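Participant: Structure for the following, please:
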Amino acid sequence: MEMKALITILFACTMLVRQSGHAQNVEQWELAISALTGRNYYNKKYFDQPRLAPGWETNFKSDYLWSVGMRAEKHLSPHFAALAELRYTEEGVPDNMFCACNSISDSPDNDEKVYRGAVDAGIRYYVNPISKVLFFFEGSVSLDWLIGVRQTGYILSESQVFHKMHWDSYGYKRFAPGGIFSLGMKWKRLSLDVGGMTNLSRTMVRNPGTYDSVFYPIKTGFFGRGLFVKTSFTLFKFK
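Facilitator: The predicted structure is shown next:
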């Protein structure tokens, strides 16, 4: 019994020393670039409206978005690492998601593209930190910034296409907290992960009278969640 206990202790010590040795060889900081594509699914709420006007969207999905970013990773232990990332995203959305122009103008078809920035912070857990191919789970919180909305439409009375950038985002509030969860794998400097993203609350809201009280007299707000595929490449490693 004592011999079995001794063997168990020696084995545990061997594994601990092995992981400690690995931890000493792992760079403490990594700086990487990332690229992401995916799709969001939105719910738009019209507050205190028992009936909706023609053209008012409620549940819809975006076009496939693309996003690029720069991320920093600090290794806290062989298994855990802290993450921080800055991202820029462009996303096409259905007609009149923000504008609702099909019910107020002679431009019934309006394509809209949303421009966003985000700051993410989270934790990554490496399942097998001493392997050549690493598998991980990752969770982050994010703060999304609605930069602006570009409107592309066709004016019937003038038979021409127009483009207009709305830096005021049609009066919607700019910041929305979110959550991100993913799982993936890492080989040398390259990583690939898949996951989901969601708003934590319906904070992207436009209150009555904040933009145009004549055309937009009611309160509206968005809630979104989606799926994504992401790849990252480590540029620098340093202690």
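Participant: Just give the closest residue to residue 217, not the sequence neighbours.
Facilitator: Nearest non-adjacent residue to residue 217, counting by Cβ to Cβ, 6 or more residues apart in numbering: residue 208, 5.7 Å away. The C-beta positions use only the backbone N, C-alpha and C, and glycine is treated the same way.
Participant: Tell me how many other residues crowd the one you found.
Facilitator: Residues contacting residue 208 under the criterion other Cβ atoms under 10 Å number 14.
Participant: Below-threshold pLDDT in this structure: ranges please.
Facilitator: Within the chain, the stretches with pLDDT under 70 are 1-27, 54-55, 96, 100-110, 154-159, 209-216.
Participant: Now do the strands in it.
Facilitator: All strands of the chain, identified by DSSP state E, fall at 29-46, 59-61, 65-75, 80-93, 110-126, 133-155, 160-166, 175-187, 190-199, 204-206, 220-238.
Participant: Out of these, the one nearest residue 53 is which?
Facilitator: Comparing the strands of the chain by their distance to residue 53 (Cβ to Cβ), the top pick is strand 29-46, with 8.8 Å.
Participant: Give me the buried positions along the closest one.
Facilitator: Going by neighbour count (16 or more other Cβ atoms under 10 Å), the buried part of strand 29-46 is 30, 32, 34, 36, 38, 40, 42, 44, 46.
Participant: what's the answer for stretch 132-147, then?
Facilitator: 134, 136, 138, 140, 142, 144, 146, 147.
Participant: what's the closest of the buried residues of strand 29-46 to residue 238?
Facilitator: For those, the nearest to residue 238 is residue 30 (8.2 Å; Cβ to Cβ).
Participant: any idea how far the closest one is from residue 137?
Facilitator: 17 Å (Cβ to Cβ, to the nearest Å).
Participant: do residue 117 as well
Facilitator: Residue 117 sits 26 Å away from residue 137 when distances are taken as Cβ to Cβ.
Participant: and what of residue 162?
Facilitator: Counting by Cβ to Cβ, the gap from residue 162 to residue 137 is 46 Å.
Participant: Name the nearest residue to the residue most central in space within the chain, ignoring sequence neighbours.
Facilitator: Centrality entry for the chain: nearest residue to the mean C-alpha point is residue 197, 5.7 Å, by Cα atoms, centre = their mean. Excluding the flanking residues, the one nearest residue 197 by Cβ to Cβ, 6+ apart is residue 180, at 4.8 Å.
Participant: Pretty sure the one you found sits against residue 142.
Facilitator: Yes: with contact defined as Cβ atoms under 8 Å, residue 180 reaches residue 142; the gap is 5.9 Å.
Participant: Can you check which residues contact both of these two?
Facilitator: Here residue 180 and residue 142 have 120, 197 as joint contacts, going by Cβ atoms under 8 Å, 6 or more residues apart in numbering.
Participant: hang on, the earlier thing: can you list the buried residues of stretch 132-147 in JSON lines and add distance to residue 166?
Facilitator: Output for these, formatted as JSON lines (distance: Cβ to Cβ, whole Å):
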{"residue": "134", "distance to residue 166": "43"}
{"residue": "136", "distance to residue 166": "39"}
{"residue": "138", "distance to residue 166": "34"}
{"residue": "140", "distance to residue 166": "29"}
{"residue": "142", "distance to residue 166": "23"}
{"residue": "144", "distance to residue 166": "17"}
{"residue": "146", "distance to residue 166": "10"}
{"residue": "147", "distance to residue 166": "10"}
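Participant: Out of those, which comes closest to residue 58?
Facilitator: Among those, and counting by Cβ to Cβ, the member closest to residue 58 is residue 146, at 19.8 Å.
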